[in-house]
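J.: Pasted the sequence and its predicted model underneath.
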Amino acid sequence: MTEKLEQEKTSERTGSIARSTLIVMVGWAASIVIGLFRQRIIAGQFGTGAELDAFTAANVIPELIFTMLSGGALSFAFMPVYTQFLEKKEAGDSNHLFSKVVNLIFLLVTAASIVVALAAPWLVTARWGVGAQYPPEIQALTMQLMRVLLLSTILFSVSGILTAVLYAHQHFLIPSLLPSMYSLGIIGGALFLVPSMGIFGIAWGAVIGALLHLLIQIPGLLIFKVRWQPVLGWDAGVRRVAILMAPRIIDLLMARASINWLNATLSSRLGEGRLASLDFAYRLMNMPWTLIGTAIGIAVFPTMAALAAQKDTGAQRRALSGSLRAILTLAIPAAVGLIVLGKPIIRLLFEGGEFTADSTNMVYYALRFYAIALISQSMLEVVVRAFAAQQDTYTPLYVSFFTTLLNIGLAVWLARPISAGGLEQGGPALANGVAVLIEALTGLVILSIRWKGVDARRIGLDALKALIAAGLMAAVIEGVRAWLAPGDIMLIVIGGGAGALVYFGSALLMGIKEIKDIPMAMVKKFMPAKAGN
């Protein structure tokens with residue numbers, strides 16, 4: 001009887017997570033379409049030229065501030081504590097915690113942004129600055145753009161906390177629309193401001209997008225009766241958030257600095273367009289990563305936080321295993337797809353105007369090396385949240401110390417000219433994928449020790465099956481390319497479609513249950529209940 005009840009609970013949790021994942025995926029799929037339109041406009045206007053290099057470099061530090069103080073760091077620390085208040089049905093206390101945290105973060109981010117604006121010349125031109133080797137005029141442009149983009153960081157400092165609150169209430173619809181709001185702001189800037197303001201039109205569009213990102217969440221707060229109060233304080237709840245947040249800030253500082261900042265610095269030494277092409281490749285890789293790893297990670301996080309609060313280790317283990325197997329089943333073929341179909345996708349999406357065939361080649365070169373990062377970053381989304389759900393943000397930090405050093409060392413070594421034995425802009429991409437994979441696997445080993453297993457054999461077996469099925473998929477796509485010599489659109493449609501059918505068919509034959517279980521759980525969750533049930 002107990003076993004049957006446990007199975008019913010597991011099935012109910014799977015359905016809930018699947019439904020939440022579907023909502024996030026659909027919303028973000030729409031945002032990806034809008035984001036592609038955004039990138040297409042920017043590509044046509046600026047290609048992979050020096051102005052876009054400057055914009056990409058200028059955004060590194062504002063994005064770093066947001067990620068550290070109000071993005072990933074705060075949501076990981078805030079949500080478990082806020083969820084505890086919700087579990088106790090203490091709305092007044094939860095609103096008090098929300099208000100104190102949002103007010104404190106707003107003040108901290110504003111102060112940090114002012115300091116960065118004043119220090120922009122040094123942050124850009126120093127030996128390891130984000131524009132270290134750019135010509136003086138591009139360095140000056142980078143400084144000016146950075147100061148504009150810091151305004152969007154201040155807006156995001158509030159918006160990021162609102163998003164964490166909505167996730168804690170198990171509401172995923174409005175947050176799934178947020179990336180689209182940001183993209184719409186940038187699109188507006190590109191269409192209406194760029195003709196008169198140049199690249200500054202994109203920067204001011206980003207500020208408008210950040211404002212839309214904030215405003216659209218307010219109705220959700222009203223629905224859940226979340227009330228803001230003009231208060232500050234340092235009570236037990238705020239201290240707990242700060243304690244959990246501190247190691248995550250350091251972790252993200254190392255991770256982001258070893259990716260974005262390092263990419264900017266190293267790319268500035270390789271010549272014009274290297275950073276812009278690396279950024280285009282990263283954004284293409286980020287699309288399936290977001291739809292797969294981030295969507296599943298966000299959907300499972302509130303459930304894992306609730307299970308951790310209940311101290312149900314067995315259920316946490318099952319949630320982690322199921323989430324990871326679902327991620328690997330989807331991320332592995334997506335990574336292979338980027339490798340075999342990357343160039344026609346880039347040509348179809350971006351080529352034209354200032355984005356030339358040379359731009360396509362530079363972006364595709366980096367994209368191939370990002371394939372490993374797609375898999376490893378997607379895995380890390382769930383592994384890190386498994387620790388955060390237990391209010392443990394220190395263990396991932398300790399692991400990150402080693403993997404960050406590994407990432408930096410590999411990136412510096414690999415980001416040399418090809419003539420010198422390096423991989424140029426492909427070096428930082430490959431370094432990131434390898435380092436993050438080691439980080440995710442190390443985290444799994446630690447969780448396995450704590451929980452006395454994480455279903456590692458089943459996870460590894462499903463990953464191997466997915467690799468075999470993805471290999472068959474790649475062979476089919478290459479066969480279509482060789483036999484039919486189709487154009488880009490036909491190769492993507494016919495080759496990609498045939499490859500996808502072969503992958504999913506092979507996966508089913510090899511017994512990867514997630515191929516059918518997750519979609520069925522989504523369908524059942526939305527189907528009306530039968531009479532009498």
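T.: That came in fine, so what should we check first?
J.: Buried ones in stretch 355-369, by neighbour count?
T.: Phe355, Ser359, Thr360, Met362, Val363, Tyr364, Tyr365, Ala366, Leu367, Arg368, Phe369 (16 or more other Cβ atoms under 10 Å). From N, CA and C alone the C-beta is placed, and that goes for glycine too.
J.: Show which residues not belonging to that stretch make contact with it.
T.: Stretch 355-369 is contacted by residues 43-44, 47-48, 273-274, 277-278, 280-282, 284-285, 338-339, 342-343, 346-347, 350-351, 423-427, 429-430, 433 when judged by Cβ atoms under 8 Å, 6 or more residues apart in numbering.
J.: now, among the buried residues of stretch 355-369, which is nearest to His169?
T.: His169 lies nearest to Leu367 out of the buried residues of stretch 355-369, by Cβ to Cβ, at 37.2 Å.
J.: quick check, the closest one in a helix?
T.: Yes. Under DSSP: H, G, I helix; E, B strand; the rest coil, Leu367 sits within a helix.
J.: okay, which residue is most central for the chain?
T.: With distances taken as Cα atoms, centre = their mean, the residue of the chain nearest its centroid is Thr290 (5.2 Å).
J.: wait, doesn't that residue sit right on Ala29?
T.: No. With contact defined as Cβ atoms under 8 Å, Thr290 does not reach Ala29; the gap is 9.3 Å.
J.: circling back to that earlier point, export the buried residues of stretch 355-369 as JSON lines, with columns for distance to Pro302 and pLDDT.
T.: Listed next are the buried residues of stretch 355-369 as JSON lines, based on distance: Cβ to Cβ, whole Å; pLDDT from 0 to 100:
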{"residue": "Phe355", "distance to Pro302": "40", "pLDDT": "93"}
{"residue": "Ser359", "distance to Pro302": "41", "pLDDT": "94"}
{"residue": "Thr360", "distance to Pro302": "41", "pLDDT": "94"}
{"residue": "Met362", "distance to Pro302": "40", "pLDDT": "94"}
{"residue": "Val363", "distance to Pro302": "36", "pLDDT": "95"}
{"residue": "Tyr364", "distance to Pro302": "38", "pLDDT": "96"}
{"residue": "Tyr365", "distance to Pro302": "39", "pLDDT": "96"}
{"residue": "Ala366", "distance to Pro302": "35", "pLDDT": "95"}
{"residue": "Leu367", "distance to Pro302": "33", "pLDDT": "96"}
{"residue": "Arg368", "distance to Pro302": "36", "pLDDT": "96"}
{"residue": "Phe369", "distance to Pro302": "34", "pLDDT": "95"}
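J.: Show me what the strand or helix carrying Ile446 packs onto, helices and strands only.
T.: In this structure, Ile446 sits in helix 426-451 according to DSSP states H and E. Here helix 426-451 touches helix 262-267, helix 274-289, helix 313-350, helix 357-369, helix 371-389, helix 394-414, going by 3 or more Cβ pairs under 8 Å, 6 or more residues apart in numbering; DSSP states H and E.
J.: How far off centre is that helix?
T.: Centroid displacement of helix 426-451 relative to its chain, using Cα atoms, centre = their mean, to the nearest Å, is 16 Å.
J.: Helix or strand next in line after that helix, which one?
T.: Next along from helix 426-451, by DSSP H and E: helix 456-484.
J.: Between helix 371-389 and that next one, find me the angle.
T.: 150 degrees (axes from the mean of the first three to the mean of the last three Cα atoms, to 10 degrees).
J.: can you pull the buried residues of helix 456-484?
T.: For helix 456-484, the neighbour count (16+ other Cβ under 10 Å) marks 459, 462-463, 465-466, 469-470, 472-474, 476-477, 480-481 as buried.
J.: Also stretch 246-254?
T.: Pro247, Arg248, Ile249, Ile250, Asp251, Leu252, Leu253, Met254.
J.: And stretch 97-117, by the same measure?
T.: Buried positions in stretch 97-117, judged by neighbour count with 16+ other Cβ under 10 Å: 97-106, 109, 112-113, 116-117.
J.: Low-confidence ranges, the stretch 401-533 of the chain, go.
T.: 514-533 (pLDDT under 70).
J.: can you rerun that using 50?
T.: 522-523, 525-533 (pLDDT under 50).
J.: repeat for the stretch 201-350 of the chain
T.: Ranges of the stretch 201-350 of the chain meeting pLDDT under 50: none found.
J.: residues in contact with Ala29?
T.: With Cβ under 8 Å, 6+ apart, Ala29 has these contacts: Leu291.
J.: what's the answer for Asn407, then?
T.: Here Asn407 is in contact with Ala255, Ser258, Ile259, Leu262, Ala431, Asn432, Val434, Ala435, Val436 (Cβ under 8 Å, 6+ apart).
J.: of the residues you listed, buried ones?
T.: Ala255, Ser258, Ile259, Leu262, Ala431, Asn432, Val434, Ala435, Val436.
J.: Could you list which residues are in contact with the fifth one?
T.: By that I understand Ala431. By Cβ under 8 Å, 6+ apart, the residues touching Ala431 are Leu406, Asn407, Ile408, Gly409, Leu410, Ala411, Leu414, Ala415.
J.: change it to 10 Å
T.: 258-259, 262-263, 266, 369, 372-373, 406-415, 423 (Cβ atoms under 10 Å, 6 or more residues apart in numbering).
J.: nearest spatial neighbour of it, skipping sequence neighbours?
T.: Of all residues not flanking Ala431 in the chain, Leu410 sits nearest, at 3.5 Å (Cβ to Cβ, 6 or more residues apart in numbering).
J.: swap in the third one?
T.: Spatial nearest neighbour of Ile259, excluding adjacent residues (Cβ to Cβ, 6+ apart): Asn432 at 5.6 Å.
J.: Please enumerate residues in contact with the strand or helix carrying Ala498?
T.: Counting by DSSP H and E, the element that carries Ala498 is helix 496-509. For helix 496-509, contacts defined as Cβ under 10 Å, 6+ apart pick out 329, 332-333, 336-337, 340-341, 344-345, 462, 465-466, 468-480, 490, 512-516.
J.: now it and helix 456-484, what's the angle there?
T.: Using the same axes, to 10 degrees: helix 496-509 against helix 456-484 is 150 degrees.
J.: For helix 496-509, list the C-alpha coordinates in PDB.
T.: The C-alpha coordinates for helix 496-509 follow below in PDB (Å, rounded to 0.1, in the frame of the first residue of the first chain):
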ATOM      1  CA  GLY A 496      16.600  17.300 -40.000                       C
ATOM      2  CA  GLY A 497      13.200  15.800 -40.100                       C
ATOM      3  CA  ALA A 498      14.400  12.400 -41.200                       C
ATOM      4  CA  GLY A 499      17.200  12.500 -38.600                       C
ATOM      5  CA  ALA A 500      14.800  13.400 -35.900                       C
ATOM      6  CA  LEU A 501      12.500  10.500 -36.800                       C
ATOM      7  CA  VAL A 502      15.500   8.100 -36.700                       C
ATOM      8  CA  TYR A 503      16.600   9.500 -33.400                       C
ATOM      9  CA  PHE A 504      13.300   9.200 -31.600                       C
ATOM     10  CA  GLY A 505      12.600   5.800 -33.200                       C
ATOM     11  CA  SER A 506      16.000   4.500 -32.200                       C
ATOM     12  CA  ALA A 507      15.600   5.900 -28.700                       C
ATOM     13  CA  LEU A 508      12.200   4.100 -28.300                       C
ATOM     14  CA  LEU A 509      13.600   0.800 -29.600                       C
END
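J.: Ala206 contacts Ile186, correct?
T.: Yes. Counting by Cβ atoms under 10 Å, Ala206 does reach Ile186; the two are 5.6 Å apart.
J.: Need the overlap of contacts for those two.
T.: Ser152.
J.: Now distance to Gly314 too, for the buried residues of helix 456-484, in CSV please.
T.: What follows is the buried residues of helix 456-484, written out as CSV (distance: Cβ to Cβ, whole Å):
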residue, distance to Gly314
Ile459, 16
Asp462, 20
Ala463, 22
Lys465, 25
Ala466, 25
Ala469, 30
Ala470, 31
Leu472, 35
Met473, 35
Ala474, 38
Val476, 40
Ile477, 41
Val480, 46
Arg481, 47
